[in-house]
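>>> missing the sequence, but the structure's below:
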């Protein structure tokens with residue numbers, strides 16, 4: 001079975017954002033991020049125009065220097081991109097929550113980004129830093145790593161307790177064998193990106209929700225495939241509960257020798273959890289289903305709605321058949337004694 005059917009996923013994304021014109025709500029939520037980057041573009045354009053006028057009319061300013069203009073523009077873009085990293089990660093979660101039926105408010109994107117600003121910033125900044133370092137090796141390694149760590153924003157949204165290293169390694173595990181599919185996915189949006197440029201950004205009202213929803217669907221498919229094949233355990237995508245061993249500085253799900261995101265092995269604590277020490281209760285926590293990554297700020301205030309409760313897998317009960325009873329005497333029949341009598 002094909003895991004990433006690009007045409008089918010993109011069609012499903014178009015149908016999804018078209019329901020009740022959902023794309024408009026999605027775009028308005030993402031608009032402040034676009035405006036922030038657009039403001040940088042306006043500033044750099046203004047600097048360019050001012051320098052060219054000073055060159056033409058001798059207004060007393062320094063001569064127009066294209067290299068200096070490029071350096072200023074690059075520095076401004078880089079600074080804004082770095083500061084917006086947490087909100088870009090939160091945007092990934094915002095589109096995921098739409099797919100998962102939570103109907104989040106636009107404010108939830110920025111509330112989540114502000115709440116986890118430090119955590120998302122570290123994870124996202126280190127991701128970009130290492131991609132840049134790999135790019136120094138003839139560009140190609142940097143491109144490979146960018147697709148290996150493609151899913152980091154979605155992973156850290158699902159489980160903010162992960163550190164930057166583990167988030168990258170989990171993403172690498174999810175995208176193993178699918179980097180070329182992700183590359184082709186980005187190429188398939190070239191005409192849409194050109195349409196945005198031709199229309200002066202107006203087409204982004206539809207294109208941005210379309211692209212972001214498609215990528216979120218790719219993540220959901222890759223996650224489901226990784227879980228079903230044993231590449232990644234479901235617990236990886238759920239915040240680790242507080243209390244117990246966690247409160248004592250020990251992660252009950254991660255073995256120092258064995259990461260939890262590798263293929264199932266006998267020593268993998270996710271495949272078979274180690275028995276609790278004698279005299280201590282066992283770990284009875286059942287992590288929520290992957291789709292139950294609800295954030296409390298996704299419920300509109302004052303609506304009276306209650307957050308959906310995380311799904312809990314039902315524990316199978318062991319059925320035991322009742323012993324036979326003699327209909328005449330009403331006494332329980334012992335099977336072993338009956339067999340011996342016969």
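Received it, and whenever you're ready, just let me know what you need. Values in this document were obtained by computation on a predicted structure and should not be read as measured data. Numbering: from 1, shown residues only.
>>> And the next helix or strand past the helix or strand residue 133 falls within?
Element membership of residue 133, judged by DSSP states H and E, is helix 117-135. Tracing the chain past helix 117-135, the next element assigned as helix or strand by DSSP H and E is helix 140-148.
>>> Who are the packing partners of that following helix?
Other helices and strands packing on helix 140-148, by 3 or more C-beta pairs under 8 Å, 6 or more residues apart in numbering; DSSP states H and E, are helix 117-135, helix 164-175, helix 179-187. All C-beta spots, glycine's among them, are computed from the backbone N, C-alpha and C.
>>> Flag every buried residue along the second one.
Residues of helix 164-175 classed as buried: 164, 166, 167, 168, 169, 170, 171, 172, 173, 174, 175 (neighbour count, 16 or more other C-beta atoms under 10 Å).
>>> and of those residues, the nearest to residue 222?
Proximity of the buried residues of helix 164-175 to residue 222 was ranked by C-beta to C-beta; the top entry is residue 174 with 4.7 Å.
>>> Secondary structure element for the closest residue in space to that closest one that isn't next to it in sequence, which one?
Leaving aside its chain neighbours, residue 174 sits nearest to residue 222 (4.7 Å; criterion: C-beta to C-beta, 6 or more residues apart in numbering). Secondary structure assigned from DSSP H and E places residue 222 in helix 204-228.
>>> before we move on, back to that, could you identify which of the helices and strands packed on helix 140-148 is most buried?
Stretch with highest mean neighbour count among the helices and strands packed on helix 140-148: helix 164-175 (a mean of 21; mean count of other C-beta atoms under 10 Å).
>>> Please list the outside residues in contact with it.
122-123, 126-127, 130, 147-152, 155-156, 162, 182, 219, 222-223, 226, 231-232, 236, 259, 261-262 (C-beta atoms under 8 Å, 6 or more residues apart in numbering).
>>> rerun at 6 Å
Helix 164-175 has contacts (C-beta atoms under 6 Å, 6 or more residues apart in numbering) with 122-123, 126, 148-152, 155-156, 222, 226, 231-232, 261.
>>> Out of these, grab the one that's most surrounded.
Within the contacts of helix 164-175, most neighbours by other C-beta atoms under 10 Å means residue 156, with 30 neighbours.
>>> could you dump the helices and strands packed on helix 140-148 to TSV with distance to residue 3?
Converted to TSV, these look like this (distance: least, C-beta to C-beta, whole Å):
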stretch	distance to residue 3
helix 117-135	23
helix 164-175	11
helix 179-187	8
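>>> Quickly name whichever of the buried residues of helix 164-175 is closest to residue 188.
Using C-beta to C-beta, residue 175 comes nearest to residue 188 of the buried residues of helix 164-175, at 17.0 Å.
>>> Need the pLDDT of that closest one.
pLDDT for residue 175: 94.
>>> now do the one 10 residues further on
Taken from the predicted model, the pLDDT recorded for residue 185 is 95.
>>> Mind telling me the two of the contacts of helix 164-175 farthest from one another?
Among these, 122 and 231 lie farthest apart (C-beta to C-beta), at 25.2 Å.
>>> pLDDT averaged over the helix holding residue 222, what's the number?
Rounded mean pLDDT across helix 204-228 is 94.
>>> Same question for stretch 120-137.
92.
>>> Helix, strand, or coil at residue 14?
Look at residue 14: counting by DSSP: H, G, I helix; E, B strand; the rest coil, its state is helix.
>>> Tell me, how many residues neighbour the nearest residue to it once chain neighbours are set aside?
Leaving aside its chain neighbours, residue 14 sits nearest to residue 210 (6.4 Å; criterion: C-beta to C-beta, 6+ apart). Other residues lying near residue 210 total 22 when counted by other C-beta under 10 Å.
>>> now residue 210: how far from residue 9?
11 Å (C-beta to C-beta, to the nearest Å).
>>> just residue 115 next, same as before
As defined by C-beta to C-beta, residue 115 lies at a distance of 30 Å from residue 9.
>>> give the contact list for the residue nearest to residue 121 when sequence neighbours are not counted.
The shortest distance from residue 121 to any non-neighbouring residue, by C-beta to C-beta, 6+ apart, is to residue 86 (5.0 Å). Counting by C-beta under 6 Å, 6+ apart, residue 86 touches 113, 117, 120, 121.
>>> go on, residue 7?
Counted by C-beta under 6 Å, 6+ apart, residue 7 has zero contacts.
>>> Quick check: buried residues in the helix or strand hosting it?
Taking DSSP H and E as the criterion, residue 7 maps to helix 6-18. Neighbour-count burial for helix 6-18 flags 9, 10, 13, 16, 17 (criterion: 16+ other C-beta under 10 Å).
>>> Quick check: mean pLDDT of it?
Here the average pLDDT along helix 6-18 is 94.
>>> tilt between that helix and helix 204-228?
Calculated by axes from the mean of the first three to the mean of the last three C-alpha atoms, to 10 degrees, helix 6-18 forms an angle of 120 degrees with helix 204-228.
>>> Point out where this protein drops to low pLDDT.
1, 38-78, 240-342 (pLDDT under 70).
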